[in-house]
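Asker: mind looking at a prediction? Sequence and model below.
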Amino acid sequence: MRPPVYIALCLLVCSCRKDKQGMPNYNYDNGTKSYNESIIEIAGNRVFVNASDEINSFDLAGNDRKFFYSGPGKPVHLLMHDSLMILKNASPGLVFIDGGTPVMSSFAFQGGSLNIGEAALHGNRMLAMDMKATFMDGDMKERGGPLYMFAHDRKQRRFSLTAWFTNQPYSDGFVRYHDSLIYSYDFTSSFNRILFSRFNLNDSMSVIEQNSFSFRRNKDINPSVTLDGDFLYLSDGLQIFICQIQGKFFVVKNTI
Amino acid sequence: MKNWIAIWMLVAVMLWNCKGDLSVKDDTIYSAYKPVLMEKSRITTDLFMMKPRSKAHIVKTAVMGNYLLSVEFGLGFHIHDLSDKMNPLEKGFFQLPGCIDLEVNNNTIYANNLNDLLVIDMTDIADPRVINRQEKVFDMVIKAPDGLLVRKGLRDIPEGTAIISYEKL
């Protein structure tokens, strides 16, 4: 047999033996990472619910259903601060509703729509945490986004982006307002540390101080945070940390 | 003739080697969770207080006076008495199928019971009472916590049942 025939046959055999394993195929349900979204909020004497494609409201007895808002985009997360409602839409982004009137349709940054996780209001400033949790890196680390600050002009019924703060390449967390300061809770890439940051609320949005404590976390479980006076209840899904403001920061007092 | 034998032997070896390798490997990473199913008829009726149970997947916490309520993903909510924060007491677990969110207003809770909105009077913490139900307010599609597709064979939902939560495989 001639050498070219051998070569051709060898190539054929090699091609058949070629390792067909490529990158793993992470098959996401509907292409998005599932997060437990807020669907019920109370403001004044009304209960607002995220009723699939629109926001409805009920009186406190659970009657008198009224249509409140729909579109553009499907609301997936509902936040309420005083009379201000913030909707995270599946598309195109954020909707602010101030006193019953939508004031801005959306924000979009860095090639993606702002995927707000948490927000806190302080005077005419609003800080919003961009979760960007739908992004997963090759090594399966969640990639969080920056903390944005918006200026809220209530008279003009307008929000404008004034600053943003990118802390670490991998982060997600929460924003809470307490005692004239904004705290952010930044869950780092190892998912076992919680970082507290206090921010200057000027337009430069600089960090005043930071500290951290150990925090065990399953990456599938969204931590939850409830602030009640000086106490903060922080859950990693499996346990609840009872934290209390002590000096400048929250410290863990007990675990349930 | 010798050449033909050699060729046929090579082809046989080649085919033998190709066997198996030509099949498409399933590299799909499926969810590490499986659905928790419940009969639809029971979802709206099996609401009751139970003994305290372990926490597996807290998705929401809320304060109601001296009590802390913490929602167990799709199953109900734990009740802790935090009158003494150094010595919290577990008061019980209220089973509320499909619950993922609740809000508190004084002694009243607004929570979802899968697709229904419930108003629950919590005046007697040991005996929560549903005082109003608005049906089909939500169109709940509860997904696996890791966002991945559930394995084949676990995806089928028998008629008359619905997914209320997920648990680790």
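Answerer: Right, received. Where do you want to start?

Asker: chain B: helices as residue ranges?
Answerer: For chain B, the helices defined by DSSP state H cover B:2-18, B:40-43.

Asker: residue ranges for the strands of chain B, please.
Answerer: In chain B, the strands defined using DSSP state E lie at B:28-29, B:33-39, B:48-50, B:58-64, B:67-72, B:76-81, B:89-95, B:102-105, B:108-113, B:116-121, B:129-134, B:161-168.

Asker: turn the ones you listed into CSV, including mean neighbour count and mean pLDDT.
Answerer: Yep, even glycine has a C-beta here, placed from its N, CA and C like the rest. Formatted as CSV, the strands of chain B follow (neighbours: other Cβ atoms under 10 Å in any protein chain shown; pLDDT from 0 to 100):
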stretch, mean neighbour count, mean pLDDT
strand B:28-29, 14, 80
strand B:33-39, 18, 94
strand B:48-50, 13, 95
strand B:58-64, 21, 91
strand B:67-72, 23, 95
strand B:76-81, 22, 96
strand B:89-95, 18, 96
strand B:102-105, 18, 94
strand B:108-113, 24, 96
strand B:116-121, 21, 97
strand B:129-134, 15, 96
strand B:161-168, 20, 92
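
Asker: using TSV, lay out those together with distance to chain A.
Answerer: Putting those into TSV (distance: least, Cβ to the nearest Cβ, whole Å) gives the following:
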stretch	distance to chain A
strand B:28-29	5
strand B:33-39	8
strand B:48-50	17
strand B:58-64	4
strand B:67-72	6
strand B:76-81	6
strand B:89-95	7
strand B:102-105	5
strand B:108-113	5
strand B:116-121	4
strand B:129-134	4
strand B:161-168	9
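
Asker: looking at those strands, which is nearest to B:Lys143?
Answerer: The closest of the strands of chain B to B:Lys143 is strand B:161-168. By Cβ to Cβ, the value is 7.9 Å.

Asker: what strands line up against that closest one, and which way round?
Answerer: strand B:33-39 (antiparallel) (DSSP bridges).

Asker: contacts only, for B:Ile109.
Answerer: Neighbouring residues of B:Ile109 by Cβ atoms under 8 Å, 6 or more residues apart in numbering or on different chains: B:64, B:69, B:102-103, B:118-120, B:122, B:128.

Asker: chain neighbours aside, what residue packs nearest to it?
Answerer: B:Ile120 (4.3 Å; Cβ to Cβ, 6 or more residues apart in numbering or on different chains).

Asker: do A:Gly237 as well
Answerer: A:Gly237's closest residue in space is A:Ile221 (Cβ to Cβ, 6+ apart), at 3.3 Å.

Asker: same deal with A:Phe68?
Answerer: A:Ile55 (4.4 Å).

Asker: by proximity to chain B, which residue of the stretch 51-200 of chain A wins?
Answerer: Relative to chain B, the nearest point of the stretch 51-200 of chain A is A:Gly62 (3.5 Å; Cβ to the nearest Cβ).

Asker: can you report how many residues neighbour that residue?
Answerer: Neighbours of A:Gly62 under the rule other Cβ atoms under 10 Å in any protein chain shown: 20.

Asker: which residues does it contact?
Answerer: Taking Cβ under 8 Å, 6+ apart, we find A:Gly62 in contact with A:47, B:110, B:117-119, B:131-134.

Asker: likewise for A:Ser70?
Answerer: With contact taken as Cβ under 8 Å, 6+ apart, A:Ser70 is in contact with A:53-55.

Asker: beta partners of it?
Answerer: Taking DSSP bridges as the rule, A:Ser70 bridges to A:Glu54.

Asker: ok, and the most crowded of the contacts of A:Ser70?
Answerer: Highest neighbour count within these: A:Ile55, with 22 neighbours (other Cβ under 10 Å).

Asker: pretty sure that residue sits against A:Lys66.
Answerer: No - in this structure, A:Ile55 is not within contact of A:Lys66 by Cβ atoms under 8 Å, at 9.9 Å.

Asker: ends of stretch B:29-42, what's the gap?
Answerer: With Cα to Cα, to the nearest Å as the measure, stretch B:29-42 spans 33 Å from end to end.

Asker: how close does B:Glu159 get to B:Asn115?
Answerer: To B:Asn115, B:Glu159 is 17 Å away according to Cβ to Cβ, to the nearest Å.

Asker: who has more neighbours out of the two?
Answerer: Shown here are B:Glu159 and B:Asn115; by other Cβ under 10 Å, B:Asn115 has more neighbours (18 against 6).

Asker: about what we covered before: take the contacts of B:Ile109 and write them to TSV, including distance to A:Thr226.
Answerer: Shown next, in TSV, are those (distance: Cβ to Cβ, whole Å):
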residue	distance to A:Thr226
B:Met64	11
B:Leu69	9
B:Leu102	11
B:Glu103	11
B:Leu118	20
B:Val119	21
B:Ile120	18
B:Met122	16
B:Pro128	19
